[in-house]
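Chemist: Model the structure of this input:
(one chain, ligands or ions: 1)
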Amino acid sequence: QKALITGVTSYIGAHIAQQLLEKGWYVRGTVRSQAKAQWLHDTFKGGDRFETVEVKDIQKKESFTEAVKGVDYVFHVASPFFTNPKDPYEDLIYPAINGTVSLLSAVHEHGPSVKRVVVTSSYAAVMKPHPEDPNYVYTESEWNDVAFQAVEKEGKNVSGSVAYIASKNEAERAAWKFVETTKPKYELSVINPVYVFGPAIHHVAKAEDINTSVAIIYSFVSGAKKTLNPHSIFSNYVDVRDVAFAHIQAAVLPEAAGQRFITVGGAFSDNLIASTIKKNFPQYADKLPKEGWNEKDINPKTEADNSKSRNVLGVNYISLEKSVVDTIESIKQFI
Ligand code: NDP
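Modeler: Residues are numbered from 1 along each chain as shown. As a prediction, the model looks like this:
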């Protein structure tokens, strides 16, 4: 089997590639940076089963013309993930939507062998706030259309997080709309991960380059975080190895076609992460935030339902403790 992964040099993309190579697949990845690509070639030692192709501009469908040829499955992972855009549209929303649609059109026109495309969306495209009901349980039937409405209303002044959330919601909406209107030969599945933790195996040259979700864990030991905040809704984690596994299952299982899947291992709180680091890495105890320690915040509950991913995809979620420990191990050189 041969797969194309867009954004193979990303935190999540590198894990999908690694798991596919371990299964004996051939993997082609699109990259923007040769240094990041070389790191993966060195890491995987995949020989002729791992290749990378340069795709600088994901917004142009011509960019993917060659990349989609001769592959059986496509994983569309590439999308900007940061929350301090200069311009919410140019930096986040357009690349997310246009990148998705250009990839889907390129597969439609030039990838006749592709059976299924799996798009990496986000729980951001699910978690529409329900302040009226603190016990609301989120399932795959929910959409977070309010984020883009906020972007339209507030324009460039909108918060960067809301702009990122909107980019994911609108890109996933665009993906489903594309298959509904174009009716391509391939099938579509979507993965909606919450915050992803776990080992970083992609190229991270310096601390500032740590990807957004791993940076949450890093902030506990870097001195950036001064206070442990009380638990709030939407603080959920999933391990990157489970996310990669879910992508692969969503590609190959017949029953996953046409479906979206929330991937969530459970909830986290600042107190739970800090105590996990303290217990497992006593050498970093004095680096942890000094303020806000509170036993009551150590057992947070998730509002996100993971039953569909467990039942259909067979994900058996890695614990927060293992995920945090393995994250810290992988970024030790920056502590
Ligand atoms: P990364 O920042 O490591 O990955 C982002 C990837 O997208 C990189 O490969 C990056 O390329 C590529 N990319 C970003 N902007 C552009 C652009 N304008 N043109 C071309 N390529 C671009 O983070 P993650 O691995 O976490 O993110 C991967 C996917 O997972 C994204 O779609 C993200 O929205 C989604 N996601 C992540 C979650 C998390 O908590 N980590 C949670 C939910 C969803 P390059 O490698 O060259 O920088």
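Chemist: Residue numbers of the stretch 101-250 of the chain in contact with the ligand?
Modeler: The stretch 101-250 of the chain comes close to the ligand at residues 120, 122, 168, 193, 195, 196, 211, 213, as judged by Cβ under 6 Å from any ligand atom. Using the backbone N, CA and C atoms, a C-beta is placed for each residue, glycine as well.
Chemist: And those residues, which two are furthest apart?
Modeler: Spanning the widest gap among these are 168 and 211, at 15.1 Å by Cβ to Cβ.
Chemist: When the two are compared, which one has more neighbours?
Modeler: Between residue 168 and residue 211, counted using other Cβ atoms under 10 Å, the more crowded position is residue 168 (27 against 18).
Chemist: In helices only, show me the residues of the stretch 101-250 of the chain next to the ligand.
Modeler: Of these, the ones assigned to helices by DSSP state H are 168, 213.
Chemist: Could you turn the buried ones of the residues of the stretch 101-250 of the chain next to the ligand into a ChimeraX selection?
Modeler: Selection of the buried residues among those in ChimeraX, burial being defined by 16 or more other Cβ atoms under 10 Å:
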select :120,122,168,193,195,196,211,213
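Chemist: Now do the strands in this structure.
Modeler: Ranges of strands in the chain, per DSSP state E, are 2-6, 26-31, 50-54, 73-76, 116-120, 187-193, 195-197, 236-239, 260-263, 266-267.
Chemist: Name all residues that make contact with the nearest residue to residue 275 once chain neighbours are set aside.
Modeler: Spatial nearest neighbour of residue 275, chain neighbours left out: residue 298 (6.1 Å); criterion: Cβ to Cβ, 6 or more residues apart in numbering. With contacts defined as Cβ atoms under 8 Å, 6 or more residues apart in numbering, residue 298 is in contact with 269, 271, 272, 275.
Chemist: how much space between residue 298 and residue 136?
Modeler: 23 Å (Cβ to Cβ, to the nearest Å).
Chemist: just residue 235 next, same as before
Modeler: 15 Å.
Chemist: Comparing those two, which shows the higher neighbour count?
Modeler: residue 235 (19 against 14).
Chemist: In contact with the nearest residue to that one once chain neighbours are set aside, which residues are there?
Modeler: Leaving out its chain neighbours, the residue that sits closest to residue 235 by Cβ to Cβ, 6+ apart is residue 268, at 5.4 Å. Applying Cβ under 8 Å, 6+ apart to residue 268 gives the contacts 195, 235, 236, 237, 300, 320.
Chemist: what's the closest of these to the ligand?
Modeler: For those, the residue nearest the ligand by Cβ to the nearest ligand atom is residue 195; the value is 4.4 Å.
Chemist: confidence score at residue 257?
Modeler: For residue 257, the model assigns a pLDDT of 98.
Chemist: what's the burial count for the closest residue to it other than its chain neighbours?
Modeler: Closest residue to residue 257 apart from its sequence neighbours, by Cβ to Cβ, 6+ apart: residue 187 at 4.0 Å. If you count neighbours by other Cβ under 10 Å, residue 187 ends up with 17.
Chemist: can I assume residue 187 is in contact with residue 259?
Modeler: No - the pair residue 187 / residue 259 is not scored as a contact, 9.5 Å apart, by Cβ atoms under 8 Å.
Chemist: ok, back up a step: adding mean pLDDT and distance to residue 205, write the strands of the chain out as JSON lines.
Modeler: JSON lines is the format used below for the strands of the chain (pLDDT from 0 to 100; distance: least, Cβ to Cβ, whole Å):
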{"stretch": "strand 2-6", "mean pLDDT": "98", "distance to residue 205": "21"}
{"stretch": "strand 26-31", "mean pLDDT": "98", "distance to residue 205": "15"}
{"stretch": "strand 50-54", "mean pLDDT": "97", "distance to residue 205": "17"}
{"stretch": "strand 73-76", "mean pLDDT": "98", "distance to residue 205": "24"}
{"stretch": "strand 116-120", "mean pLDDT": "98", "distance to residue 205": "23"}
{"stretch": "strand 187-193", "mean pLDDT": "98", "distance to residue 205": "24"}
{"stretch": "strand 195-197", "mean pLDDT": "98", "distance to residue 205": "20"}
{"stretch": "strand 236-239", "mean pLDDT": "98", "distance to residue 205": "24"}
{"stretch": "strand 260-263", "mean pLDDT": "98", "distance to residue 205": "28"}
{"stretch": "strand 266-267", "mean pLDDT": "98", "distance to residue 205": "32"}
